[in-house]
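>>> Sequence and predicted structure are below.
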Amino acid sequence: CLATLIIMLVGDTYTLINYVSFINYLCYGVTIIGLIVLRWKKPKIFRPIKVNLLIPVTYLAFWAFLLIFSLYSEPVVCGVGLVIILTGVPVFFLGVYWKNKPKCVNRLIESATCWGQKLCFVVYPQRGGAEED
């Protein structure tokens, strides 16, 4: 979010749309790859919608062509898009993967969460108390 705000202040909207478009297409392709891997590794699990594997494989062929063409035609934009995605890796390791955090880190995360909820008007309702009108 911070990286996006900085890009919006420094760059133009067209470039920001290009960054996000590349990231979206990359995520769509990774999702389809995950679908194929799950169909191969866990063929017996329940699936509410099951499609012929020709459809995701065809999609991946076009996806790979478009992604390679994007990387070839605009490598800087694609590189910045990848850097934007990779800014989430440290956040994942600090917030999710690291289980035994010191209390000061937990307090910092809780404080940032509370601040973000107040800033964005995201407040969970209290249980058992009377609501104010």
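Cool, the structure landed. Residues are numbered from 1 along each chain as shown.
>>> Now do the longest helix along the chain: which elements does it pack against?
In the chain, assigned by DSSP state H, the helix with the most residues is helix 13-41. Applying 3 or more C-beta pairs under 8 Å, 6 or more residues apart in numbering; DSSP states H and E, one finds that helix 13-41 contacts helix 2-10, helix 54-73, helix 75-86. Every C-beta, even on glycine, is put in place using the N, C-alpha and C of the backbone.
>>> Of those helices, flag the one that's most buried.
Of all these, helix 75-86 carries the top mean neighbour count, a mean of 15, counting by mean count of other C-beta atoms under 10 Å.
>>> Can I get the helix or strand that it is followed by in CSV, CA atoms only?
As assigned by DSSP states H and E, the chain's next helix or strand after helix 75-86 is helix 88-92. This file holds the C-alpha atoms of helix 88-92, laid out as CSV (Å, rounded to 0.1, in the frame of the first residue of the first chain):
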residue,chain,number,x,y,z
GLY,A,88,4.9,-8.3,0.5
VAL,A,89,7.4,-11.1,1.2
PRO,A,90,9.0,-9.5,4.3
VAL,A,91,5.5,-8.6,5.6
PHE,A,92,4.4,-12.2,5.2
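>>> With that, I have no additional questions.
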